[in-house]
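Student: Quick one: sequence and predicted model below, then my questions.
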Amino acid sequence: MLCVSLALAGLLVVQRLVPLSIRESANTVTGIIYGATYVIYGITLAFSLYLGNQEANEARETVEREAGGLEGMFEVTQQLPQPERERIQELTESYARAVVEEEWPLMEGGAKSEESPRAEALIDELQQTVLSLQPATAAEQALSSQGITLVHDIEQEREIRLLHSRQDSHRLLWYVLVAGGLITVVLSFFFGSKVVWLQGLSVAALTTVVVLLLSATYELQAPFAGSVRVEPEAFEEVLDDIQRHQREY
């Protein structure tokens with residue numbers, strides 16, 4: 001609303017300072033320059049929005065793969081002997097809970113986000129516990145190999161998730177996008193039109209579209225912060241499955 005108000009105020013200022021006859025006589029030249037600017041800016045903004053959406057989707061898929069690895073680890077250890085089975089399952093559940101309750105709020109800091117020391121310690125202990133398994137049979141050897149693969153994948157997806165949480169919009173890119181939006185809107189002031197209210201409506205609509213697209217692009221480039229952030233639903237589902245299994249047995 002503020003941006004639209006400023007744009008309309010700017011339009012009124014230009015109309016007072018630049019006579020209608022001058023603006024009408026320059027409509028052709030202004031239209032050519034405006035068209036080129038509009039197209040270049042539109043392509044740049046669309047590409048930035050596309051990249052932001054891709055990054056958000058990749059972050060979401062990373063979370064799902066990490067959570068899926070935890071669920072797979074819990075299921076694999078069902079066939080291991082005690083006490084290894086109970087210890088690995090306990091670590092799996094504790095890690096998932098630490099990610100949801102401690103690490104997720106920390107990741108909302110965007111570029112300044114931090115990892116949970118407890119979650120880091122738990123994943124390290126889980127890895128060490130799985131690597132220290134001493135299978136006594138061929139079946140246990142196969143389960144141990146699956147566990148090693150899973151814990152390696154979980155740790156790898158965790159690192160990727162943390163990298164996604166720390167990514168920040170490039171300052172130079174935002175200078176370009178904001179400056180391009182301002183130029184595109186300001187150029188629309190210099191068209192000569194006798195129907196003032198219609199030009200004002202067009203400027204308001206253009207400003208609204210530019211602001212909305214810039215906001216969407218900014219939100220998507222911070223996948224674990226903002227209004228469209230990735231939620232820990234996948235980890236919560238893993239915890240629900242683990243608790244349901246524990247109640248059954």
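Tutor: Thanks, I have the structure now.

Student: Only C-alpha atoms from now on, for both contacts and neighbour counts.
Tutor: Will do.

Student: how much space between A96 and V211?
Tutor: Here A96 is placed at a distance of 38 Å from V211 (Cα to Cα, to the nearest Å).

Student: what about the two, which has more around it?
Tutor: Between A96 and V211, counted using other Cα atoms under 10 Å, A96 has the larger neighbour count: 26 against 16.

Student: That one: what secondary structure?
Tutor: Recorded secondary structure, A96: helix (DSSP: H, G, I helix; E, B strand; the rest coil).

Student: which residue sits closest to it, ignoring its sequence neighbours?
Tutor: F235 (6.0 Å; Cα to Cα, 6 or more residues apart in numbering).

Student: Quick check: the one you found vs R97, distance?
Tutor: Following Cα to Cα, the distance that separates F235 from R97 is 8 Å.

Student: repeat for Q167
Tutor: On the measure of Cα to Cα, Q167 and R97 end up 24 Å apart.

Student: With V196 instead?
Tutor: Counting by Cα to Cα, the gap from V196 to R97 is 60 Å.

Student: more crowded one of these two?
Tutor: More crowded of V196 and R97, by other Cα under 10 Å: R97, with 17 against 13.

Student: L163 versus L51, what's the distance?
Tutor: Where L163 is concerned, L51 sits at a distance of 16 Å (Cα to Cα).

Student: Quick check, L45 in contact with V176.
Tutor: No. In this structure, L45 is not within contact of V176 by Cα atoms under 8 Å, at 9.5 Å.

Student: who's more crowded, those two?
Tutor: L45 (22 against 14).
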